[in-house]
Each structure stands twice: as C-alpha cells, then as structure tokens.
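**Q** Here is my input; please provide its structure:
(one chain, ligands or ions: 2)
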Amino acid sequence: MMRNDPCWCGSQKKWKKCHYPKQALKEQYLKKYGIILKNDEQIVGIRHACRLAATVLDKLCSMTKVGVTTNELDQYAKELFEEKNAISCCIGYGEPPFPKHICTSLNDVICHGIPNDVPLQQGDIINIDVACILNGYYGDCSKMVSLEPVDTEKRRVVDVSLECLNRAAQVLKPNNKLCEIGKAIESYASSQNCSVVDQFVGHGVGIGFHEEPQVAHHYNHSQIPLAPGMTLTIEPMINAGKRSGYIDKDHWTCRTIDGKPSAQWEHTFLITETGYEILTIPDYTLFSHVRSK
Ligand code: MF3
Ligand code: CO
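**A** Ligands and ions are numbered 1, 2, ... in the order given. Next up, the predicted model:
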C-alpha cells in the first residue's frame, strides 16, 4: 500500500491521513525534517519539565516589582531550580556562554537580556524567559510584566504579542502547515501597527533545548504539516517600530534598532490528535512556600 492510497479501513481518507502506523510517521518526520515526534513516556517527562518552568516563571513574575533587580529574580530562579533538582537551560548556553539562569528583557530589548543590578522602575515592561531541564526533559516559556503605569506604545506591544500567541495557538492541529503560525501572528500584528521580529524563531523542544523545526513568527512558506507528538515553542517578539534588532556589545542582548519597545510571550505546545495542549501551565502544588518581598 502507498501512503496516498485509500485507507484499508474504508474511511475514504488517504492511508497516510488515517491508519498509517505511528512508527512510520515518526521515522518519516525524523528523516525528512529532523523532527522528533515524542512518544507517551517522553510527553509525560516533557510535561513535568514544562510545568516546572511555568511555575518558576509565575513565581518570578509575582516578585517583579518596582525596586527589585533582575539579578534578584535570577537568584530566586536558581534557588527554585535547585530545590527541584532542575537545571537552567540558559546558564552556559551558547558562545560566549550565557551568564545567568533566566533572560530578562526590558523595554527596547527584544530578547536575551542579561540580569543585572539595576532596580526596575515604574513604566518598565519586562519579559522574563524561563527554560529548564528536569530529568533530561526540556520546557521553555516566557511572560511580560508591566510596571504600571506604562505608556500606550508599551501597552500596545504587550497586548498585541499576547494576542499573537493566542491566535497562533488556534491554528495548531495535525496536518495544518507550519506557515499558518507565522500567518496568524503577522496578519494580526500588522493590523495593529506592530512589526514581527524575523531574526529569532520558536523551535522544537523537549528532548533537546533547540530542536527542529524552526518556528517562524513572520510570513513564510513552510509546508511542514503539524503532527501528533510534535512539541514546540511559539514565542513571537513584537515591536512597536521596525522589526530589526542589533546585538549589544555583551554579545547577547538584542535591542530594537529604533529604540522602540518590544514584547514577547512564549509557551511550549504539544500537538495532539485533535489539536494542541499548552504544556507550560503552572502547577501551584510544586512549591509549598511563598517568599514575601
Ligand atoms: N526562549 C529562549 C530561546 O529559546 C530562551 C533563551 S535562553 C538563552 O532562545 F540562554 F539562550 F539565552
Ligand atoms: Co524558546
């Protein structure tokens, strides 16, 4: 039987879209695209890592107030990961090695901001990006915190980037093409007078930190069909002005070329048989203590 033949079960669907064996699909995705379709055991492990990343992220967001430094957030992340025997994906990553446990990207920083000793100020918007390894599995997510009152341009990028993530999630189901994600994001962002960063992309994640496929947030032509067992991030970076950025002399911090604000929200998603599951959902039973700050 050929992949395009009618399925033996009488569904009138093509075999490849019906009873085509899971194992054959896995091998095909790996060979053709380098994409690892995860099995049930791997999904359980990835879900745990994602829940930890999301829970740590929420605790950091609650602590994010005027006067707090991003180094204090970084230190708290380190302690929380240690408590769960988890490792930050960020520290030591890349060349030169990323020096901290989380990324903290303020105002005109698009992504990969490095925590420092500067106290947060009223009017700042900040993205906190948390990625971790737990029992060998990876999870990755980020959120914005606005230190109100913030100006209208900042509010716009914060709101638009969240709506972009939500709209992208709505296209996640088997057989939809990867390029639908970029279309959902860029069509909405441009309708709101915002631009979409094309210099950084979302990515497969789970068994490694940055796996195939690359998930473009801008208009693109990727015809890769989504398939059950894919785990990937969507993390649109949305700018109030031009889409381009430049890398600071610290070799990591990426800033908008025009100094206008940028915002980003990120989840790790699983493609299921019928649609998607957000894996980076916090689990408040993971930590019992609260820190008052
Ligand atoms: N979500 C970001 C990414 O996927 C996390 C970056 S961590 C860093 O690129 F160490 F690479 F900065
Ligand atoms: Co990521």
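**Q** use CA for all of it now, contacts and neighbours both
**A** OK.
**Q** Can you tell me the SS state at the residue in the chain that ligand 1 sits nearest to?
**A** When scored by CA to the nearest ligand atom, the chain has residue 90 as its residue closest to ligand 1, at 3.3 Å. Recorded secondary structure, residue 90: coil (DSSP: H, G, I helix; E, B strand; the rest coil).
**Q** Now it, what are its backbone angles?
**A** Main-chain dihedrals, residue 90, degrees, to the nearest 10: phi -80, psi -50.
**Q** Contact partners for it?
**A** Residues near residue 90 by CA atoms under 8 Å, 6 or more residues apart in numbering: 98, 99, 100, 101, 102, 103, 131, 132.
**Q** 10 Å - rerun?
**A** Residue 90 makes contact with 97-103, 112, 129-133, 209 under the criterion CA atoms under 10 Å, 6 or more residues apart in numbering.
**Q** Could you list which of those residues also contact ligand 1?
**A** When CA under 6 Å from any ligand atom is applied, the members of the contacts of residue 90 adjacent to ligand 1 are 98, 103, 112, 129.
**Q** Identify the residues contacting the third one.
**A** Read that as residue 112. 90, 98, 102-106, 127-129, 247, 251-255.
**Q** Confirm that residue 45 lies within a strand, as I assumed.
**A** No - with three-state DSSP as the criterion, residue 45 is located in helix rather than a strand.
**Q** Which residue, neighbours along the chain excluded, lies closest to it?
**A** Counting by CA to CA, 6 or more residues apart in numbering, residue 45 lies nearest to residue 137, which is 5.9 Å off, once chain neighbours are set aside.
**Q** tell me the pLDDT at the one you found?
**A** For residue 137, the pLDDT comes out at 99.
**Q** Tell me what it is bridged to.
**A** residue 134 (DSSP bridges).
**Q** what's the burial count for it?
**A** Neighbours of residue 137 under the rule other CA atoms under 10 Å: 22.
**Q** Check the one 5 residues further on too.
**A** A total of 24 residues lie near residue 142 under the criterion other CA under 10 Å.
**Q** So it is in contact with residue 280, correct?
**A** Yes - with contact defined as CA atoms under 10 Å, residue 142 reaches residue 280; the gap is 9.4 Å.
**Q** before we move on, back to that, from the contacts of residue 112, keep the buried residues only.
**A** With neighbours counted using 16 or more other CA atoms under 10 Å, the contacts of residue 112 contain these buried positions: 90, 98, 102-106, 127-129, 247, 252-255.
**Q** by contact count, what packs against the helix or strand harbouring residue 41?
**A** Following DSSP states H and E, one finds residue 41 within helix 40-63. Judged by 3 or more CA pairs under 10 Å, 6 or more residues apart in numbering; DSSP states H and E, helix 40-63 is in contact with helix 70-83, strand 125-134, strand 137-146, strand 231-234, strand 267-271, strand 276-278.
**Q** nearest to residue 35, of the ones you listed?
**A** strand 231-234 (9.4 Å; CA to CA).
**Q** quick one: the helix or strand just after that closest one to chain centroid distance?
**A** Proceeding N to C from strand 231-234, the next assigned helix or strand is strand 237-239, under DSSP H and E. In terms of CA atoms, centre = their mean, to the nearest Å, the centre of strand 237-239 is found 13 Å from the chain centre.
**Q** strand partners of strand 237-239, parallel vs antiparallel please.
**A** Applying DSSP bridges, strand 237-239 is found paired with strand 195-196 (antiparallel), strand 262-264 (antiparallel).
**Q** tell me what the very next helix or strand once past the shortest one is packed against?
**A** Think strand 195-196. In the C-terminal direction, the helix or strand that comes right after strand 195-196 (DSSP H and E) is strand 202-204. Secondary-structure packing of strand 202-204 (3+ CA pairs under 10 Å, 6+ apart): strand 211-215, strand 231-234, strand 267-271.
**Q** Point out the most buried one among those strands.
**A** Across the helices and strands packed on strand 202-204, the average number of neighbours (mean count of other CA atoms under 10 Å) peaks for strand 231-234, which reaches a mean of 28.
**Q** Show me which residues of the stretch 51-200 of the chain sit near ligand 1.
**A** Residues of the stretch 51-200 of the chain lying close to ligand 1 by CA under 6 Å from any ligand atom are 90, 93, 98, 103, 112, 129, 140.
**Q** Many thanks, we can stop here.
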